[in-house]
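> Give me a model of this one.
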Amino acid sequence: MRLLGFEIQNTNLFGKKLHIDLIATDKVSQLITDNDNIERAYRIDSGSSIYSQNLIAFTGLNATGKTTILEVIQLLLQIVANDARLNDSYIKPIIQKITGSTFGMDDNPIIFVVWFEIGKQILELTSSIIKRYRSDDEYEFIYKNEILKERSISKLTKKRLFNFEKSVIVNKRTDFEGNKFLLDDMSIVSMFKNKATKVLSSFEKYNTVREIRPIIPDVSIIQCFDSAISRIEQSTSKDKYKLQFNKDGDFEYDLSYDELEAILSSGTVKALHFFPAIQSVLKTGGYILFDEIENHINKRLVQWILSLFENRDYNPHGASLIFSTHYPELLDTFSRKDNIYITRKQSDGTLEAVKYSDEIKRNELLKSNVILGNLIKGTVPKYASMKLAEQALAGTVK
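Numbers count the residues shown, from 1 in each chain. The predicted structure is shown next:
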């Protein structure tokens, strides 16, 4: 199963519509000499020339929705691929965040439109979601209606994949009325067990605090983050780790996780957690989402991680790395420009995400210069705001 793209309609946070593609909409070339469009995507075996992006980046100012969009992608992956329910503890807060208090009523439902591929079929799921109150201040989310369609396309367009030649309704939520196995907050996609496959998806937050103790990757990987380490592995004792440093010879630490975290740098601890997830998705072709990928990690190491997903030797199954960043310099290594989204705040306070390739046609420009130079409007803090802050700070200091 692959998620191809989605729209969120009628929400408090994103206004009328938020549209995100997870596939290549610019040309994908097989020629090494074609520097603008060299293949850095994975062809989906669906009978059409559809390429899933190996890398997708979201960048923009603070409080413009980068983290929330990653959360929505994770939400949709869990619903469509892994049968998550709207009121699951890790799903409901995300829906609450994007709806606000006035949206999601019976006459004002939230709409999710999701395009995905299963078994060479391209499917479109349209879901209307509303709040159902259990008391004055307690409510749950339920599906008001859903329609699942099979789509076919004759060719791709430069702007959008989702211009379809025809569609066939597979079924509607009303087809399952009275079915005791389909709960009110469970999508009709869950009824397609024979077609769907589980998708491995990991969401790596910017901090390193975890409830689950890490599975230690090979020491050669950890040495990229701390070259002083000669050995690190899980001990036979429960919740213990063996650690050795080059300078200490054969001396070995036997540490609890808390002690291990206290000794190692934040970047090394972060690598202990996320690299096993990276290895898993590269092996199976899943998704890994990073919020603030540069946090605690050297820029060159971040670029190295990105390069792993662009290399078929390490990523033979088309795994996708989807991340947010505050540092557009990381995007200068991208050979494509249709896999970058700029998040920004609109005049009415709602948030939007614009695709870099829709705004900038030339690929020889440094993407960091375009973004930091405000060539795509709304990508740098307002000068007047910073001057006012300086004046307030000067007054406080004096």
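
> Counting by contacts, list what the lowest-mean-pLDDT helix or strand in the chain packs against.
Within the chain, confidence by mean pLDDT, DSSP states H and E is lowest for strand 41-45 among all helices and strands, at a mean of 81. Contacts defined by 3 or more CB pairs under 8 Å, 6 or more residues apart in numbering; DSSP states H and E place strand 41-45 against strand 49-53. All C-beta spots, glycine's among them, are computed from the backbone N, C-alpha and C.

> buried residues in the strand it packs on?
50-53 (16 or more other CB atoms under 10 Å).

> Next: stretch 170-182.
170, 173, 182.

> Stretch 224-233 too?
Going by neighbour count (16+ other CB under 10 Å), the buried part of stretch 224-233 is 224-225, 229-230, 232.

> got the buried residues of stretch 170-182 as JSON lines, with distance to Glu310 columns?
Below are the buried residues of stretch 170-182 laid out as JSON lines (distance: CB to CB, whole Å):
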{"residue": "Val170", "distance to Glu310": "35"}
{"residue": "Arg173", "distance to Glu310": "40"}
{"residue": "Leu182", "distance to Glu310": "40"}
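
> Which single one of the residues you listed is nearest to Lys299?
Among these, Val170 lies closest to Lys299 (CB to CB), at 46.2 Å.

> what secondary structure does that closest one sit in?
strand (DSSP: H, G, I helix; E, B strand; the rest coil).

> shift numbering so it begins at 29
Sure, I'll start counting at 29 from here, so that last one is Val198.

> Find the residue closest to it in space, skipping its chain neighbours.
Counting by CB to CB, 6 or more residues apart in numbering, Val198 lies nearest to Leu176, which is 4.5 Å off, once chain neighbours are set aside.

> cool, and Lys172?
Lys172's closest residue in space is Ser156 (CB to CB, 6+ apart), at 4.3 Å.

> List the residues that contact that neighbour.
By CB atoms under 8 Å, 6 or more residues apart in numbering, Ser156 lies in contact with 137-139, 171-174.

> Keep only those of those residues that are in helices.
Here DSSP state H is the test, and the contacts of Ser156 give no hits in helices at all.

> Going by contacts, tell me the helices and strands next to the lengthiest helix in the chain.
Using DSSP H to define each element, the chain has its longest helix at helix 294-312. Packing contacts for helix 294-312, counted by 3+ CB pairs under 8 Å, 6+ apart, involve strand 229-232, helix 247-250, strand 315-318, helix 327-338.

> Would you mind putting the ones you listed into JSON lines with mean pLDDT, distance to Gln374 and mean neighbour count alongside?
Converted to JSON lines, those look like this (pLDDT from 0 to 100; distance: least, CB to CB, whole Å; neighbours: other CB atoms under 10 Å):
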{"stretch": "strand 229-232", "mean pLDDT": "84", "distance to Gln374": "26", "mean neighbour count": "20"}
{"stretch": "helix 247-250", "mean pLDDT": "95", "distance to Gln374": "42", "mean neighbour count": "14"}
{"stretch": "strand 315-318", "mean pLDDT": "94", "distance to Gln374": "24", "mean neighbour count": "24"}
{"stretch": "helix 327-338", "mean pLDDT": "95", "distance to Gln374": "29", "mean neighbour count": "16"}
